[in-house]
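>>> sequence below, structure please.
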Amino acid sequence: MARRREYWLQLENQLWDASPWGVDRVAGKTMARRPDGMFRGASEEVLRIRRYEENWSTPAGLAVNPWDLAEPDNGEFPGAVLTAKVADEIVVHFRNMDQRKDVDDQQRIHSLHAHGAQRVPRYDGAYPLSPPDLEQGGRHGDRVAPGDSFTYRWTCPQRAAAGAWLFHDGSLAGSQSTGLGAFGVLLIRSPGEVEPDLPVAAIRRAGDSMTSFSSVPRPPRQGEYVLVFHRLPGVGLCLNGRQALGNTPTLVAGMGTRMRVHCLNATPEPLTVHIHGHRWERGAAYVDAELLPAGGGTTLSILSGSSENGGGIGEWVIEGTIAGESVHGSLLVTVGGVVELASG
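Numbers count the residues shown, from 1 in each chain. Prediction:
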């Protein structure tokens, strides 16, 4: 049955540490904290599209990946993850709260442009083609000024809309803003698609480190994971806003977990995704790597530990590569409980 899904999003600027836990498991060392208090800070403020409760009352505080052992507590980078089902209407109230002081005024004007969903031109958010919306006082959805807001209406009436899609800034300065993190993810589920399981307890406990976990919950039977590959200034290629194993996503699954791994490329270049030890079906064959075009996304359907899809108990590298530059996360297949992870 079709539903109306309503979301409240706010674009904000902030300082960002791409290695918030200060460890590098590949090198087997702890990073030195810089004078600014960060371990690997972006060279300029990032832009974050954050999800809020109704009327922007309070931040929603939702995790991008509830089954990520390394996701920082402030979550939601890259951007908010919005969910809908085929036939739903999606209403997005967007507010621009870009308060950067050291940039041109034009660079503080933003919009939302969604891939995958259908809409009329005034809700497309692509500068300069969005006509004024007379129902919103003649405002344009492709140029939302700081402190202003705009409501977008998207639909997904056809099965072709099902999948993982990016939404991002489509304003005049949209390319630069997207490169600073002004994007999010739209997950459109097929009719009858099973909802993912959530952890029944905290995935990390007080006293845990990024290599030692005292009580990891029992892994999900149905697992959903979001991986966005992108760049940040002064940092380089990132995975969900982070860099260096021990900071990047460490995704938890179990033997027999039915995984939907949504992979998206928010860079302007083609990118290859490879999950070590695993395969997934593409047409009449199985593959173990996926080429994502700029702005593209795909969903990998994997039954963990099966003879067709591979894997099994242990930790497996997730790798994204662009022209020789790579970023790594990991997929941890476990039974839960006490977990010790390797370090170089």
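>>> quick one: the helices in the stretch 51-200 of the chain?
With DSSP state H, counting those that start in this stretch as the criterion, the stretch 51-200 of the chain has helices at 174-179.
>>> below-threshold pLDDT in it: ranges please.
Within the stretch 51-200 of the chain, the segments meeting pLDDT under 70 span 74-76.
>>> domain-wise, how is this structure divided?
Using automatic domain parsing, the domain ranges for the chain come out as 4-189, 212-340.
>>> need those domains in JSON lines with mean neighbour count and distance to Arg204, can you?
Where you see a C-beta, it was placed from the backbone N, CA and C, and this is true even at glycine. What follows is the domains of the chain, written out as JSON lines (neighbours: other C-beta atoms under 10 Å; distance: least, C-beta to C-beta, whole Å):
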{"stretch": "domain 4-189", "mean neighbour count": "19", "distance to Arg204": "6"}
{"stretch": "domain 212-340", "mean neighbour count": "19", "distance to Arg204": "7"}
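>>> need these in a markdown table (columns: distance to Leu198).
A markdown table is the format used below for those (distance: least, C-beta to C-beta, whole Å):
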| stretch | distance to Leu198 |
| --- | --- |
| domain 4-189 | 5 |
| domain 212-340 | 8 |
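>>> to Asp197, which of those lies closest?
The minimum distance between Asp197 and the domains of the chain falls on domain 212-340, with 3.6 Å, by C-beta to C-beta.
>>> start and end of the closest one, how far apart?
End-to-end distance of domain 212-340: 5 Å, with C-alpha to C-alpha, to the nearest Å as the criterion.
>>> run the chain-centre distance for that domain.
Offset of domain 212-340 from its chain centre (C-alpha atoms, centre = their mean, to the nearest Å): 12 Å.
>>> what's the mean pLDDT across it?
For domain 212-340, mean pLDDT rounds to 95.
>>> nearest to Glu195, of the domains of the chain?
Nearest of the domains of the chain (C-beta to C-beta): domain 212-340, 7.1 Å.
>>> surely Thr178 touches Ala266?
Yes - using C-beta atoms under 8 Å, Thr178 is in contact with Ala266, at 6.6 Å.
>>> which neighbours do the two share?
His168 (C-beta atoms under 8 Å, 6 or more residues apart in numbering).
>>> ok, Thr267 - contacts?
Shown in contact with Thr267 (C-beta under 8 Å, 6+ apart): Phe229, His230, Arg231, Leu237, Ala294, Ile322.
>>> kindly recompute the last result at 10 Å.
Applying C-beta atoms under 10 Å, 6 or more residues apart in numbering to Thr267 gives the contacts 178-179, 228-231, 237-238, 292, 294-295, 320, 322, 325.
>>> now, these that are in helices?
Within the contacts of Thr267, residues falling in helices by DSSP state H are Thr178, Gly179.
>>> and the contacts of Thr267, which is closest to Asn65?
Using C-beta to C-beta, these come closest to Asn65 at Val228, 10.5 Å.
>>> so what's the closest one up against?
Taking C-beta under 10 Å, 6+ apart as the test, what Val228 contacts is 64, 77-79, 81, 164, 166, 181, 183-185, 238-241, 249, 262-267, 297, 320.
>>> go again with 6 Å.
Contacts for Val228 (C-beta atoms under 6 Å, 6 or more residues apart in numbering) come out as Pro78, Asn240, Leu264, Ala266.
>>> of these, which is the nearest to Asn96?
Closest to Asn96, out of all of the contacts of Val228 and judged by C-beta to C-beta, is Pro78, at 17.6 Å.
>>> in three-state terms, label Ile203 for me.
The three-state label given to Ile203 by DSSP: H, G, I helix; E, B strand; the rest coil is coil.
>>> tally of neighbours for it?
Per other C-beta atoms under 10 Å, the neighbour tally for Ile203 reads 22.
>>> pretty sure Asn47 sits against Gly184.
Not Asn; residue 47 is Leu. No - applying C-beta atoms under 6 Å as the test, Leu47 and Gly184 come out as separate, 11.1 Å apart.
>>> list the residues that contact both of these two?
Counting by C-beta under 6 Å, 6+ apart, nothing touches both Leu47 and Gly184.
>>> now do the strands in the stretch 201-344 of the chain.
Secondary structure of the stretch 201-344 of the chain, counting by DSSP state E, counting those that start in this stretch: strands at 212-216, 222-232, 236-239, 250-253, 258-265, 271-275, 280-282, 285-287, 289-292, 297-303, 314-322, 325-333, 337-340.
>>> for the closest residue to Ser215 other than its chain neighbours, grab the count of nearby residues.
Residue nearest to Ser215 in three dimensions, not counting chain neighbours: Arg205, with 5.5 Å by C-beta to C-beta, 6 or more residues apart in numbering. Arg205: 11 surrounding residues under other C-beta under 10 Å.
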